[in-house]
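[1] could you look at this predicted model? Sequence included:
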Amino acid sequence: MTKTAKVATDRTSPLRSKIAGHSASLSAKLQEHQTNIFQPHARKGIRSFSPSEAAKLLGVAEGYLRTSAVELERKAAEGSEREFSPALAGGRRMYSVQDIAAMRAYLDKPARSNGRYLPHRRQGEELQVISVMNFKGGSGKTTTSAHLAQYLALRGYRVLAIDLDPQASLSSLFGNQPELDVGVNETIYGAIRYDEERRPVQEIIRGTYIPDLHLIPGNLELMEFEHDTPKALLQRKPDDMLFFARLQAVISDVEDAYDVVVIDCPPQLGFLTLSALTAATSVLITIHPQMLDVMSMNQFLAMTSALLEEIAEAGAEDRNNWMRYLVTRFEPTDGPQNQMVAFLRSMFGEDVLVNPMLKSTAVSDAGITNQTLFEVERSQFTRSTYDRALESMNNVNAEIESLIKATWGRS
């Protein structure tokens, strides 16, 4: 080693050592925090739902739910229906996600609804792949992805959530701490990598605490795809699958098991994001209505357009059904934000979702404990704060659900 090289090594070693030490310390503290919140085994779950909440999720009147619950409980006790045992709290039934799933299946008997309560894809209806993205961090991308995936699953759809962000915030929200719970080859990288270590995507998919909501978690391993792809392009053989088609291919391997795939993209335009764009049938761009964020989005759109043109020339297929902008962290009393939203609507018209995602302490406070609005106990907030946040979230997700149905040709 030359003297110059030795000096360089000496100078960088303390920094590497400090970063590694901080990473290890932070990882341990985060695990301790997770364990303290989710005793006894640091496993996440989801709260039970009141009769009014369960009725809304099922799309029935509360009285009809009560009547059906008594009927299903009797049949479950006789063994003619799947297990159904709502807990009693304060003299009223509280429904777990398993109870809601059992009720949905019961109500969806052919003689009753012809598919109304289990809105799975029908013959000829295409799997919907929604890529949620933005070039700038802090736009509410992961919060949007998590709540959309949970909402659709609670509404009866079969959902696969893919964490494509190496920071893996979506995985953490679903109770999978990336540096501890996600091992080597357990992210989507394991299914799209270029070497002999590639494995079937079916082996990577995990269940969650919500029936019919599955997850492919992420961690820093995803960065390997960004590093491997340039080399793979240089060494590519004529029959090798190009990088942008690999994600779409592995999704197609499991498409019969799902109705909707939600992809949480990384906040940069790399090979992973371009793969998500190619795989997507729909694109949701989150935007915080501030000038700096809109300027950043402008750069994102310009770069995305140029890169999509390049991969189109290489054979990438445009499968997009719709693209929408979602205004996030919106404060209705903020004058400049209202002006910015009006500007966006004047520019993009119906491509901006009608419903914005309101800024709320309920969302941010739930995030502190790694929970979504569907998971956190309502009693932790004032009723008006929680209800306002949940109504905003549900309005956004219902609008996206309507776009999915329209794509399928349903009313």
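    Cool, the structure landed.
[2] which residues of the stretch 51-200 of the chain fall in strands?
    Using DSSP state E, counting those that start in this stretch, the strands of the stretch 51-200 of the chain run over 87-89, 92-94, 128-133, 159-163.
[3] in a markdown table, list those strands along with distance to residue 70, mean neighbour count and mean pLDDT.
    All C-beta spots, glycine's among them, are computed from the backbone N, C-alpha and C. Conversion of these to a markdown table gives the following (distance: least, Cβ to Cβ, whole Å; neighbours: other Cβ atoms under 10 Å; pLDDT from 0 to 100):
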| stretch | distance to residue 70 | mean neighbour count | mean pLDDT |
| --- | --- | --- | --- |
| strand 87-89 | 13 | 10 | 89 |
| strand 92-94 | 9 | 16 | 91 |
| strand 128-133 | 36 | 26 | 96 |
| strand 159-163 | 30 | 28 | 98 |
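[4] which stretch among the ones you listed comes nearest residue 297?
    Set against residue 297 and scored by Cβ to Cβ, those come closest in strand 128-133, at 10.4 Å.
[5] still on that earlier bit, any chance of the strands of the stretch 51-200 of the chain in CSV with distance to residue 147 as columns?
    Formatted as CSV, these follow (distance: least, Cβ to Cβ, whole Å):
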stretch, distance to residue 147
strand 87-89, 25
strand 92-94, 21
strand 128-133, 10
strand 159-163, 11
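[6] closest one to residue 217 among these?
    When the strands of the stretch 51-200 of the chain are compared by Cβ to Cβ, strand 159-163 sits nearest residue 217, at 5.4 Å.
[7] would you put the C-alpha positions of the closest one in CSV?
    What follows is strand 159-163 as a C-alpha-only set of coordinates in CSV (Å, rounded to 0.1, in the frame of the first residue of the first chain):
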residue,chain,number,x,y,z
VAL,A,159,-53.8,-7.4,-2.3
LEU,A,160,-50.0,-7.7,-2.7
ALA,A,161,-47.9,-4.9,-1.3
ILE,A,162,-44.4,-4.6,-2.6
ASP,A,163,-41.8,-2.5,-0.8
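[8] let me know the angle separating it from strand 128-133.
    30 degrees (axes from the mean of the first three to the mean of the last three Cα atoms, to 10 degrees).
[9] tell me which of the strands of the stretch 51-200 of the chain lies nearest to residue 58.
    Going by Cβ to Cβ, the one of these nearest residue 58 is strand 92-94, 13.2 Å.
[10] just checking, what packs against that closest one?
    On a contact count with 3 or more Cβ pairs under 8 Å, 6 or more residues apart in numbering; DSSP states H and E, strand 92-94 meets strand 87-89.
[11] report pLDDT for residue 320.
    Confidence at residue 320, expressed as pLDDT, is 88.
[12] can you give me the buried ones in stretch 298-318?
    300, 304, 307, 308, 311, 316 (16 or more other Cβ atoms under 10 Å).
[13] contacts for that stretch?
    Applying Cβ atoms under 8 Å, 6 or more residues apart in numbering, the external contacts of stretch 298-318 come out as 134, 135, 136, 242, 244, 245, 269, 274, 277, 278, 285.
[14] the same query, at a cut-off of 10 Å, please.
    By Cβ atoms under 10 Å, 6 or more residues apart in numbering, the surrounding residues in contact with stretch 298-318 are 133-136, 233, 242-245, 248, 267-271, 273-275, 277-280, 283, 285, 287, 320.
[15] for stretch 198-205, same thing?
    160-162, 182, 185-193, 214-217, 246-247, 249-254, 257-258.
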